[in-house]
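# A predicted structure for the sequence below; I have some questions about it.
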Amino acid sequence: MAGPTAPDDPGLAYVPPAFLEKASASDWDSSEMPPPDKAWPVLLLAGGVIAGWTAFFVWAVILAQPAPASAQQWAWWSTQWSVPVLLVLVLLLVVMRTSRREAARFADAARLLSNESADLERRLVSINTELALARDFMAAQGRDLDSLGRIAVDRLSGSASQLDGLISRNGTQIDRIAEVSAAALDNMEKLRGQLPVIANAAKDVTNNIGNAGRTAHLQLEELVSGFQRLNEFGLASERQVMSFRDRVDIALEGFAKASEDLGLLAENRFDALTQRSADQAALAADAEQAALAAWRERSDAHSASLKETLAQLGEAHEGLIADSAGRLARFEEAARSLTAMLEIQGRDLDEQLARRRASAEAGAAEQRVALEKRLAEIDEAVAERRSAMERAAASAAEALASKLAELDQAIEAQRRTQLVEAENLASRCEEIGSKVSAFSEVLRNSGEQGAQTASQVDQAMADLNARLGEMRHALSGTDLQIGELTDSAVRLLELIQAGGDHTRTQIPEALRSTEAGLKGLEDRVFTLRDTLREAGDGGRSLAETVGSARNEVSSTIKELQKAQKTLSEQTAEREKQLDALREVLAGVRAESDALSRDIESRLSGAIGSLNEAAAKAGEDLRASTAGEIEGLAERLGEQSSAAIARVLQGRAAELVGRLEEAIDAAAAASRDTAIQMRDQLAKVDELAGNLEARVDRVREKAEEKVDNDFARRAALITESLNSSAIDIAKALSTDVSETAWASYLRGDRGIFTRRAVSLLESAEAKAVQAHYEAESEFREHVNRYIHDFESMLRQLLSTRDGNALGVTLLSSDMGKLYVALAQGIERLRT
């Protein structure tokens, strides 16, 4: 049903829904009343008839009976009474179910449905009206929100422009952050004292990583040597076969070579005899004939003996060949059986290696996930600390700006004071000039001496400026050395990162301990930063005392602006390498020592030069002022000389007093800074000692926890193995003695393990294998026992002394049972 359209009056769009509900409540409650029911007279008539019949029946039948009625009589009476009652009820039902009554009922139902549909239509109309008004109200609210959004956007744009103006104006105030460079230099000076401690801590961490890597490497070498021994067992049989074949071939070659040697020997002898006979033929013909006859006889004898020897060698050779062929056949058969057994053992070993490799990969994946999670947490912590450092830098900048504003105010006040004093001095000089006009020549001489004194003071101030320039040059050299130190630290970071990538999957525990140590170092660096900031405040007070003159302050601010720009660039680079700085300080101990000695020597020389220059300026000023006063006292008369001497002496005393106060304040500030640095170094040493103690306690707790966890797991697996041994012993032999059970209940948990070993030693391997394949219960017990034993063996091998403990475990009763079961079933379990 379509609702009515919304009204055109825009004022209706703001009518609240509560008013609409009140307005439509009267429409919803205007349903018609149903007509009255006319069936009640008939019901009253039927009830009266039934009541009259009941009374009549009781009076006429029941009360007229003189004797008590039996149950049968009561049943008959009930039947007689119920027939007229049922007749009245049937008649009532017939009267109620006439066509007129049914038509009236249907008419009432139709009228009720019509009324309900009308009410529903009225309610739907009201709901549609309310929805239209609500839609208009929401449209008006949307327009209001749109206007509010535009206003908010305009305000935000104005605020953004204001912020832009503020940021642009703040750019002019960045120049006041020049003092931050001095504070940073002081911080680096104090950090120089802490570099040996941090380097030692990092070196200890590196040694721990190296020890863990060496331990892992030794374990891998032992595992490789174990695999090599297994391979050697397989290669030993091959070498034996090959050696036997080589022996047979060598023997055959020896026989052939011996026969060849005999033939060659005979031929060589024949040749020698022929040559000798040819040589002797020329000398003696008779001797030749005799020798030829002897040679012929000898050759015949040799031929006969050679033929006999050859015949014997041929017979021996044929017998040896037949014997060797038989032995070779038997050895080949034994080698084939041994090869088959080695192949079976090799397959079992491959399965074990695959399972161990899978478990190792799963453990490595878990450790990798934990390490990645830990690295993510470290990155979040570093980000938080970086934001904290930025906030601290902003607050320090604000504080520095306020300090600079105070310094400017103090300089301005001092300038005004000096102007007032100069005006007073000028007025006094004019009065003295009016009174002592007769002594103009003396005053001119005094002016010349004053000019000389001023030139001497200017020279002293120039020397002081030169000293300050040398000091700034030394500080700039320090910045360059700090940059070189940062480059060296970056190179060291790359080396450390390469080592970390190589050992990330092998020594995660060492990495976690390294991270904990680096966190401690980072906390110590933050504490040191706060300490250095406090020392920087003392340095700023010293700078305020030294910077009493406007020319020196302006030149110093310009130099510090340049240094601040360089420092800001270095700070930007260091913020990018914040994660690297935690591991960077390990290998720069020698460079930091040399740098610290250089900085100490330069700073001490600069401070000493500054003190000497200030003392020299004070002495020169004091001497020149005293000489000027004496000259004026000699040239002036008694009264005027006394007045001029008092004025000049007061001014010189004031200047000397101020200079001495500045020198004393600088010396006191230097002493306070040195004392604070000493105290902070002592605190840092104490914190380092506490940190090392905490690291040792945490390491001991971790080792105790690992040992306790391993002992608990080993105890649980041992109980499971003993329980499985009971089931295996029952499966092998149902005859269990009461003595064995008594020993088991008294605490001898290995009694059934030893019994199973003895039963397996007495049984044949084929019988055990047939028993394993035929009975599922026995197979299940054997599989569970082997699985639990291999689990405990893997845990033992993962410990520090795992090889020795593994050998001890295999030599125990549980190990013997494991070996016997594995050999008996030939590793055919599922």
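Cool, the structure landed. Residues are numbered from 1 along each chain as shown.

# secondary structure element for Gly689?
Per DSSP states H and E: Gly689 is located in helix 638-732.

# Let me see the mean pLDDT of stretch 700-719.
Stretch 700-719 comes out with an average pLDDT of 64.

# make that stretch 105-113, sorry
pLDDT averaged over stretch 105-113 gives 82.

# Stretch 416-431 now?
66.

# Wait, Ile825 touches Ala770, no?
No - checked against Cβ atoms under 8 Å, the pair Ile825 and Ala770 is beyond contact range at 9.9 Å. The C-beta positions use only the backbone N, C-alpha and C, and glycine is treated the same way.

# So these two - more neighbours on which side?
Per other Cβ atoms under 10 Å, whichever of Ile825 and Ala770 has more neighbours is Ile825, with 21 against 13.

# element containing the closest residue to the more buried one other than its chain neighbours, please.
Nearest residue to Ile825, sequence neighbours excluded (Cβ to Cβ, 6 or more residues apart in numbering): Tyr772, at 4.5 Å. Tyr772 belongs to helix 765-774 when assigned by DSSP H and E.

# Next one: Glu384 from Lys373, what distance?
Noted for Glu384: a distance of 17 Å to Lys373, by Cβ to Cβ, to the nearest Å.

# Then Ala394?
32 Å.

# and what of Leu112?
71 Å.

# More neighbours: the two, which one.
Between Leu112 and Lys373, counted using other Cβ under 10 Å, the more crowded position is Leu112 (13 against 10).

# give me the low-pLDDT residue ranges for the stretch 551-700 of the chain?
In the predicted model, the stretch 551-700 of the chain carries pLDDT under 70 at residues 551-671, 673-674, 677, 680-681, 684-685, 688, 691-692, 695, 698-699.

# and Gly314, what pLDDT?
Model confidence at Gly314 (pLDDT) stands at 66.

# now swap in Leu86 and tell me
91.

# Now it: which helix or strand?
helix 71-96.

# tell me what that helix is packed against?
On a contact count with 3 or more Cβ pairs under 8 Å, 6 or more residues apart in numbering; DSSP states H and E, helix 71-96 meets helix 40-57.

# Just the CA coordinates for the helix it packs on, please, in PDB.
Output of helix 40-57 as PDB, limited to C-alpha atoms (Å, rounded to 0.1, in the frame of the first residue of the first chain):
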ATOM      1  CA  TRP A  40     -27.000 -17.300  26.900                       C
ATOM      2  CA  PRO A  41     -30.900 -17.800  27.300                       C
ATOM      3  CA  VAL A  42     -30.700 -21.200  25.600                       C
ATOM      4  CA  LEU A  43     -27.800 -22.200  27.800                       C
ATOM      5  CA  LEU A  44     -29.700 -21.100  30.900                       C
ATOM      6  CA  LEU A  45     -32.800 -23.100  29.800                       C
ATOM      7  CA  ALA A  46     -30.700 -26.300  29.200                       C
ATOM      8  CA  GLY A  47     -29.000 -25.900  32.500                       C
ATOM      9  CA  GLY A  48     -32.400 -25.500  34.300                       C
ATOM     10  CA  VAL A  49     -33.800 -28.600  32.600                       C
ATOM     11  CA  ILE A  50     -30.800 -30.700  33.600                       C
ATOM     12  CA  ALA A  51     -30.900 -29.400  37.200                       C
ATOM     13  CA  GLY A  52     -34.700 -30.100  37.400                       C
ATOM     14  CA  TRP A  53     -34.300 -33.600  36.000                       C
ATOM     15  CA  THR A  54     -31.400 -34.300  38.500                       C
ATOM     16  CA  ALA A  55     -33.500 -33.200  41.500                       C
ATOM     17  CA  PHE A  56     -36.500 -35.200  40.300                       C
ATOM     18  CA  PHE A  57     -34.400 -38.300  39.800                       C
END
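
# residues touching the nearest residue to Leu91 once chain neighbours are set aside, list them.
Using Cβ to Cβ, 6+ apart and skipping the chain neighbours, the partner closest in space to Leu91 is Ala46 (7.6 Å). By Cβ atoms under 8 Å, 6 or more residues apart in numbering, Ala46 lies in contact with 88-89, 91-92.

# measure Ala46 to Trp40 for me?
Distance from Ala46 to Trp40, by Cβ to Cβ: 11 Å.

# Now do Thr808: how many residues are near it, please.
12.

# Then Val95?
With other Cβ under 10 Å as criterion, Val95 counts 14.

# What sits closest to it if chain neighbours are left out?
Excluding the flanking residues, the one nearest Val95 by Cβ to Cβ, 6+ apart is Val42, at 5.8 Å.

# What's the separation between the one you found and Leu87?
Separation of Val42 from Leu87 (Cβ to Cβ): 15 Å.

# do Gln162 as well
104 Å.

# Same check on Arg416?
133 Å.

# In three-state terms, label Gln65 for me.
coil (DSSP: H, G, I helix; E, B strand; the rest coil).

# wait, what's in contact with Leu218?
No residues are in contact with Leu218 under the rule Cβ under 8 Å, 6+ apart.

# quick one: pLDDT of it?
75.
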